[in-house]
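*Asks:* how does the following fold in three dimensions:
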Amino acid sequence: MDSLKIKTVTPDDKYNVLEVYRQCEDFLALGPQPKASLEMVLKDIGESHKEGGAFQGIYAGDRMIGVVSYITKGFEGNLTNAFLSLLMIIPSFRGKGRGTKIVGIVEKEILADSRVKTILSAVQANNSDALRFWEKNGYRIVSEPELRPDGTTVFQLRKSRQTKS
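*Replies:* Numbers count the residues shown, from 1 in each chain. As a prediction, this is how the structure comes out:
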């Protein structure tokens, strides 16, 4: 498998992020805004930063093939909770273990802080592929479907830190 890395998105990367969003309109079509726009990209990056999160590009070599956004600790004011809010990989790079590898990189960063006990996420109820992906990666559904203000319906997900016995 190609070498993957993640790095923080800078203002110069906004058009590369937009291209990722455009190639992931199959994912966007499941939500309230099916078409990618620069405004959508800038809003997502801004909201991630406002929440104290990291918005990063996923790279295979020098090519951005996806994005990931997460809060390493302090989600909703609780230092023991992290939140993985977005993982998008362009279709031609899906299904080959790359998403799992990226989740592992992000989890390693998050769990480097021993105070973090739980990684939370959410997945749209109409995204059965994503539900299978997250469950395969150790996340469990911990809620009934919930209607969000943006009109999407999501399941809340949770993965707890493994304790050594």
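
*Asks:* show residues contacting the helix or strand of the chain with the lowest mean pLDDT.
*Replies:* Between all helices and strands in the chain, the lowest mean by mean pLDDT, DSSP states H and E belongs to helix 25-28, at a mean of 90. Here helix 25-28 makes contact (C-beta atoms under 8 Å, 6 or more residues apart in numbering) with 21, 34-36, 88, 91, 127. Every C-beta, even on glycine, is put in place using the N, C-alpha and C of the backbone.

*Asks:* could you list the low-confidence segments of the chain?
*Replies:* 1-2, 163-165 (pLDDT under 70).

*Asks:* if we use 80, what do you get?
*Replies:* Counting by pLDDT under 80, the chain contains low-confidence residues at 1-2, 162-165.

*Asks:* helices and strands around the helix or strand encompassing residue 15, which ones?
*Replies:* Following DSSP states H and E, one finds residue 15 within helix 14-23. Here helix 14-23 touches helix 38-50, strand 54-60, strand 63-71, going by 3 or more C-beta pairs under 8 Å, 6 or more residues apart in numbering; DSSP states H and E.

*Asks:* now with 7 Å, please.
*Replies:* Under the contact criterion of 3 or more C-beta pairs under 7 Å, 6 or more residues apart in numbering; DSSP states H and E, helix 14-23 touches helix 38-50, strand 63-71.

*Asks:* quick one on the thing from earlier: between the contacts of helix 25-28, which sits nearest residue 151?
*Replies:* residue 34 (12.0 Å; C-beta to C-beta).

*Asks:* can you tell me, leaving aside adjacent residues, what's nearest to the closest one?
*Replies:* Closest residue in space to residue 34, ignoring its immediate chain neighbours: residue 28 at 5.3 Å, by C-beta to C-beta, 6 or more residues apart in numbering.

*Asks:* follow-up on the earlier one: name the residues of the least confident helix or strand of the chain that are buried.
*Replies:* Within helix 25-28, the residues that count as buried by 16 or more other C-beta atoms under 10 Å are 27-28.

*Asks:* what about that helix, distance to the chain center?
*Replies:* 14 Å (C-alpha atoms, centre = their mean, to the nearest Å).

*Asks:* state the distance from the residue nearest to residue 34 to residue 7.
*Replies:* Going from residue 28 to residue 7 by C-beta to C-beta, to the nearest Å gives 23 Å.
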